[in-house]
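Enquirer: Could you work out the structure for the sequence below:
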Amino acid sequence: MKLDSIFVVTFLNAVAFAAPSYSPRITISVTNDLTGRNAVTTIPANGRFQNISSLFKNSAIDEHGRILASSAQLVGFVENVFCSFNNKDIVIPLNSAATFAVLGRDLESASLVPTLLNNFQLQCQV
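Expert: Residues are numbered from 1 along each chain as shown. As a prediction, the model looks like this:
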């Protein structure tokens, strides 16, 4: 009887650890407000950093290899998600409460201006 219990516990542990973990998928729209062009990407909320240049290569905001955008918005997300655009010490957050972010702004006119995002990374986690 003891041997059966040990086998069952071992089997259940193996099944639990072998099951793949699920990461919700988050959809973000990035816009160049000067040109009106935008592009959308969907990434897993697994905490891994994704290169912006790879995510938006050959998209509407790719101008000859330069990824230019002035704002971003979460358009498909789950509760308690936290996403951020990161470049060294610059962190631009998005979350389920604040779904819109300014990526570039002219301080004098307060208007949105396109920012080069090639060196940025995007990360989402729950």
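Enquirer: mind listing what the closest residue to D106 other than its chain neighbours touches?
Expert: Spatial nearest neighbour of D106, chain neighbours left out: V113 (4.9 Å); criterion: Cβ to Cβ, 6 or more residues apart in numbering. In this view, the C-beta of every residue, glycine as well, is placed from N, C-alpha and C. By Cβ atoms under 8 Å, 6 or more residues apart in numbering, the residues touching V113 are 34, 70, 104-106.
Enquirer: Closest one of the residues you listed to E63?
Expert: E63 lies nearest to L34 out of the contacts of V113, by Cβ to Cβ, at 10.9 Å.
Enquirer: CA atoms only: put stretch 48-63 into PDB for me.
Expert: Output in PDB follows, covering the C-alpha atoms of stretch 48-63 (Å, rounded to 0.1, in the frame of the first residue of the first chain):
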ATOM      1  CA  ARG A  48      11.100  38.100 -21.700                       C
ATOM      2  CA  PHE A  49      12.500  41.100 -23.500                       C
ATOM      3  CA  GLN A  50      11.600  41.400 -27.200                       C
ATOM      4  CA  ASN A  51      13.500  43.700 -29.600                       C
ATOM      5  CA  ILE A  52      11.400  46.400 -31.100                       C
ATOM      6  CA  SER A  53      13.400  46.300 -34.300                       C
ATOM      7  CA  SER A  54      12.500  42.600 -34.800                       C
ATOM      8  CA  LEU A  55       8.800  43.000 -33.800                       C
ATOM      9  CA  PHE A  56       8.100  45.900 -36.200                       C
ATOM     10  CA  LYS A  57      10.500  45.100 -39.100                       C
ATOM     11  CA  ASN A  58       8.800  45.700 -42.400                       C
ATOM     12  CA  SER A  59       5.700  47.200 -40.700                       C
ATOM     13  CA  ALA A  60       4.000  50.500 -41.400                       C
ATOM     14  CA  ILE A  61       6.200  52.200 -38.800                       C
ATOM     15  CA  ASP A  62       9.400  50.900 -40.300                       C
ATOM     16  CA  GLU A  63      10.900  53.700 -42.400                       C
END
